[in-house]
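A.B. asks: here's a sequence, model it:
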Amino acid sequence: MYVVGAAALTILLLAARFAPTAALSLSLALPATEASLARFFPGAVREEIVLSAGSRTIQADLYRPVTPRAALLLVHGLSRAGRRHAELVRLARLLARHGQLVLVPQFEGLVAFRLDGTEIDEIRGALGYLGGLSPAVGIAGFSFGAGPALLAAAAYPEIALVGSFGGYADLQNVIAYVTTGVHTFGGRRYVQQQEEYNRWKLLALLLGFVESERDRTLLGAIARRKLENPGVDTTALVAQLGRDGHAVLSLVLNRQASAVTALVADLSPRTRQALASLSPLAAVPRLRGRLLIAHGVADDSIPFTESLRLAEAAGDRAELTLLDTFHHTGAQPFWWSWRARLADGWNLARLADALVRIDRHRRRRDQASPANPRRPKCCALHWQPA
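C.D. replies: Prediction:
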């Protein structure tokens, strides 16, 4: 009887430990199961709040679980829907259902397909807010939102978990990939056919780096028209560009990998500095929490080799997952290998487990460095960058 009782207790403990992970993984992989699984887990409430980030305010959604165990900040990528992107809303609800207090701010620059550095300050403001609500805090950035997320997180060693999903290490590598399809790592060269739509997203992304207001306006008009209709004639707008504007447009229109370095060198000093300052590779070694890095091998917006670079810079603190059956925004419609499907399913479960156990990562981090003095609160409102 003792053995039977011990076995039963073990099963119950395992079920309690892994049930949230299994349910989250299944819901992510098979959305049709979400409604059925929801009956076994308490729901979450979404609140609309306003955050302060320096002199600016940010609209945000806060997903409150019944009993929060930890807090997680989600940073969206380039998306017109921003914090209300359907898949991001779904992920936030699922994570909150399994005990995470989830904050999803609206980053207006990223909504406008723009990256200019203000996102970093906004993310820091969001981290400060979450730190006042939970002693265990994590952050996960997606796509072009992952770079600012990593840069902001590097200033806060108390963060228990940092995630980069489909993110980048160096913007110059991303430019080369989007314009030419070429990406490299470890002496290997890869080539992938590119979508023209991504070229014009890149132009919109680079607008914030251009010094001339006139050129920013003209390039913005070109990007908007091309995103709406790639075949539209913008010759009249191009003819009005100054030197800085022409340099950026020439880089975006380039299709030769061998020309990228020279074209980047032709950009204004301010533009080159902005590209460097928004590239998180050098900041990764300063991260102290657990680092999750995941990337779809078929990503046509940011090459998977960028995640390889991030993992290499992080050393043994990074957990890298390459998903063979995923592209930039999710699973591919047709999975050609059952082995790849099973492998990605297992990896998805590992990622889900990490996201629902942020509190555990904080305890492990604290135990791993007993000589370091601990602050009273992990991420209190007075918490300042290191």
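A.B. asks: only C-alpha atoms for contact and neighbour calcs from this point on.
C.D. replies: Fine.
A.B. asks: now the terminal residues of stretch 199-217, how far apart.
C.D. replies: Stretch 199-217 has its terminal residues 18 Å apart, counting by CA to CA, to the nearest Å.
A.B. asks: would you indicate which residues of that stretch are buried?
C.D. replies: Buried residues in stretch 199-217, counting neighbours by 16 or more other CA atoms under 10 Å, are found at 199-210, 215-217.
A.B. asks: ok, those residues vs residue 243, which is closest?
C.D. replies: Among the buried residues of stretch 199-217, residue 215 lies closest to residue 243 (CA to CA), at 8.7 Å.
A.B. asks: so the closest one makes contact with residue 242?
C.D. replies: Yes. Counting by CA atoms under 8 Å, residue 215 touches residue 242, with 6.4 Å between them.
A.B. asks: what is the nearest of the buried residues of stretch 199-217 to residue 122?
C.D. replies: Using CA to CA, residue 208 is the member of the buried residues of stretch 199-217 that lies nearest residue 122, at 16.1 Å.
A.B. asks: which ones are touching that closest one?
C.D. replies: 114, 115, 116, 216 (CA atoms under 8 Å, 6 or more residues apart in numbering).
A.B. asks: top of the residues you listed by neighbour count?
C.D. replies: Scoring the contacts of residue 208 on neighbours with other CA atoms under 10 Å, the highest-scoring entry is residue 115 at 29 neighbours.
A.B. asks: and that residue, how far is that from residue 174?
C.D. replies: Counting by CA to CA, the separation of residue 115 from residue 174 is 13 Å.
A.B. asks: cool, and residue 109?
C.D. replies: According to CA to CA, residue 109 and residue 174 sit 18 Å apart.
A.B. asks: same check, this time on residue 141
C.D. replies: Distance of residue 141 to residue 174, given as CA to CA: 17 Å.
A.B. asks: narrow the buried residues of stretch 199-217 to those in helices?
C.D. replies: If you go by DSSP state H, these have 199, 200, 201, 202, 203, 204, 205, 206, 215, 216, 217 in helices.
A.B. asks: how about the residues you listed in CSV, adding distance to residue 82 and pLDDT?
C.D. replies: What follows is these, written out as CSV (distance: CA to CA, whole Å; pLDDT from 0 to 100):
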residue, distance to residue 82, pLDDT
199, 20, 95
200, 19, 96
201, 15, 94
202, 17, 95
203, 19, 96
204, 16, 95
205, 15, 94
206, 19, 94
215, 26, 97
216, 22, 96
217, 23, 97
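A.B. asks: so what's residue 76 up against?
C.D. replies: Contacts for residue 76 (CA under 8 Å, 6+ apart) come out as 82, 83, 88, 104, 106, 107, 110, 141, 142, 143, 144, 145.
A.B. asks: switch the cut-off to 10 Å
C.D. replies: With contact taken as CA atoms under 10 Å, 6 or more residues apart in numbering, residue 76 is in contact with 82-85, 88, 104-107, 110-111, 140-146, 149.
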